[in-house]
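K.L.:
give me a 3D structure for the following:
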Amino acid sequence: MSEERGTGAPSEPGGSFTRGAASDAWYPAPGDYWVPAADADQEGVWPHRFGDLFHTPATDATGHPLATKDGTAWHAVMAYSPSCELVTKAKDTDTVEVVRVLRLDSQSDARAAAAIIAGWQEKDARITVAYAHTVFLAPVPGHPTHGTPMFAHLKTTARVTVGDLRAAGRIAALTHDARVAVIRRDLYYRYRWLVPMDDVRAAETDRIANDPFFTPPWPEWAPRT
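P.N.:
Residues are numbered from 1 along each chain as shown. Alright, predicted model coming up:
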């Protein structure tokens, strides 16, 4: 497949781009993002993992408020690093990186909001990666405060203590398929590697198969060995 790459800055709508890859959607259908609450909320059934959505702790690990200049708390945070079962074995004093999550309607430009949802946009008659520093997050079904579209802003991160993250509470657990989509988006943001979704899933399958400490449930595409 031929490839054309641009030179836009990471914060610009276009940035690097690849012609012909737009048929590989960035994200799953909205209904396939989140583990049903009936399963995720059972203690010990679905561990906290990379990509899960949490209420925002009051401060980061250094005591700095996780809020806007006017004192409004961040809408939510997405667990970012480490990228495995990040808090099940951790101490309350350990720290984990989180990403700020915003409501999609915080974007006043409807065209920009649509590009964040798709992850692609057309620019100068070419299909380009749109807003590479964003990850679209579907509404959490039935949730009273997070039932509208959102996006993670990968440039805005913080380290919080595991204890504070646990105390804040998980809003929703990301499905395995949606986690693969977030990993793929993160690869592009960090390295400008536009990796096919099937290849990212294959790499995640291999990681799980070789991780003796992986905590179930297992993805259907990565059966227990």
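K.L.:
now the helices for this structure?
P.N.:
37-40, 110-118, 162-168, 176-191, 197-209 (DSSP state H).
K.L.:
nearest to residue 138, out of those helices?
P.N.:
With respect to residue 138, and counting by C-beta to C-beta, the nearest of the helices of the chain is helix 176-191 at 8.1 Å. To be clear about C-beta, it is placed using only N, CA and C from the backbone, and glycine gets the same treatment.
K.L.:
who are the packing partners of the closest one?
P.N.:
Packing contacts for helix 176-191, counted by 3 or more C-beta pairs under 8 Å, 6 or more residues apart in numbering; DSSP states H and E, involve strand 134-137, strand 150-161, helix 197-209.
K.L.:
my guess is residue 105 meets residue 139, correct?
P.N.:
No. Counting by C-beta atoms under 8 Å, residue 105 does not reach residue 139; the two are 11.3 Å apart.
K.L.:
now do the shared contacts for those two.
P.N.:
Common neighbours of residue 105 and residue 139 are listed as 148-149 (criterion: C-beta atoms under 8 Å, 6 or more residues apart in numbering).
K.L.:
more neighbours: those two, which one.
P.N.:
Set residue 105 next to residue 139 and count neighbours by other C-beta atoms under 10 Å: residue 139 wins out with 17 against 11.
K.L.:
so what's the more buried one up against?
P.N.:
30, 146-150 are the contacts of residue 139 under C-beta under 8 Å, 6+ apart.
K.L.:
and with 7 Å instead?
P.N.:
By C-beta atoms under 7 Å, 6 or more residues apart in numbering, the contact list for residue 139 reads 30, 147-149.
K.L.:
just residue 34 next, same as before
P.N.:
Residue 34 neighbours (C-beta under 7 Å, 6+ apart): 140-141, 172-175.
K.L.:
among those residues, which one is most surrounded by other residues?
P.N.:
Highest neighbour count within the contacts of residue 34: residue 173, with 26 neighbours (other C-beta under 10 Å).
K.L.:
is it true that it touches residue 40?
P.N.:
Yes. Contact criterion C-beta atoms under 7 Å: residue 173 and residue 40 qualify, at 3.9 Å.
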